[in-house]
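> Next input, structure requested:
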Amino acid sequence: MKCDATKRQRFNDLTLQRNTMKPFEIAGLPPDELNSFLTGTHSDPFRILGPHRVGDDLAIRVFRPDAQSIDITSNQSKEPIAAERLHRDGFFCASVPGATRDLDYHLRITGWDGSEHLTRDPYQYGPIMGEVDLHLFAEGQHWQIYDKFGAHLRTTGDATGVYFAVWAPNAAMVNVMGDWNDWDGRSHPMRLHPGNGIWELFVPGVVEGARYKFEILSLGRPRQSDAQTARQRRLGIISARRGRGGAL
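So this is what the prediction gives:
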């Protein structure tokens, strides 16, 4: 069957990459941080992913297990810049010569089935929840916190998508997964606001009606399989009603 043939081809591709992959190194990051990220215990994915200045160039790091290849498109480059796969699990890095951190760029992601889509990088955005909201929540005086937590349709810059937020003070790492990333939470780890246990992430391209779950990884516990995690998290469906997502 076609599905089985596609899976076999993907397995063969991954096997070839595993046999030819060079040592996993990223300039400016110690190996223990990379290992922490890959094992689901790193609380600051924005330190690992997104745009980072390295010398005179800009390194753009992307982690997408569902991607066969990733290209960077921007007004600064006439041709797309191919990101190099540095790790078999889906860690990519591209270098844009002479670019600054505010580079206006998109990711062109090619899936294992050959499909392509163009999207903004979730890790090119700064924190979204404001200081007032964080302070009121910490004081127990935020009477409209339902407008902040969960899933909310929004536009950031020229990108439309969904803003996700959840309170998980004892988590080592929190990811958001859904039908837009093959229910693989590793593709979208969230940002922690230190001191109050709030995790957030804006994901461009996610639309109303999409289903999602939060994958909460506890301190001292290894990452569970996607199937195990999916059974343990409540399902939400993104809705435009009052800008909220509803848990089922």
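
> from here on, contacts and neighbour counts on C-alpha atoms
Fine.

> then stretch 52-69 to CSV, C-alphas only?
Below are the C-alpha coordinates for stretch 52-69, written out as CSV (Å, rounded to 0.1, in the frame of the first residue of the first chain):
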residue,chain,number,x,y,z
HIS,A,52,20.8,34.0,17.1
ARG,A,53,23.7,36.1,16.1
VAL,A,54,26.9,34.1,15.7
GLY,A,55,29.8,36.3,14.8
ASP,A,56,28.8,38.5,11.8
ASP,A,57,26.1,36.1,10.7
LEU,A,58,22.6,35.1,11.8
ALA,A,59,22.0,31.4,12.8
ILE,A,60,18.4,30.3,12.5
ARG,A,61,17.7,27.1,14.5
VAL,A,62,14.6,25.0,14.0
PHE,A,63,13.5,21.7,15.5
ARG,A,64,10.9,19.9,13.4
PRO,A,65,10.8,16.1,13.6
ASP,A,66,8.1,16.2,10.9
ALA,A,67,10.3,18.0,8.4
GLN,A,68,12.3,16.3,5.6
SER,A,69,14.0,19.6,4.8
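
> Residue ranges in this structure under the pLDDT threshold?
By pLDDT under 70, the low-scoring segments of the chain are 1-25, 27-28, 219-248.

> domain ranges for it?
2-122, 125-247 (automatic domain parsing).

> Name the residues that touch stretch 169-178?
Outside stretch 169-178, the residues that touch it by Cα atoms under 8 Å, 6 or more residues apart in numbering are 40-43, 164, 168, 183-190, 196-199, 210-219.

> quick one: contacts for the most centrally placed residue in the chain?
Relative to the mean C-alpha position of the chain, the nearest C-alpha, by Cα atoms, centre = their mean, is the one of His188, at 2.3 Å. Residues in contact with His188 (Cα under 8 Å, 6+ apart) are Asn175, Val176, Met177, Leu201.
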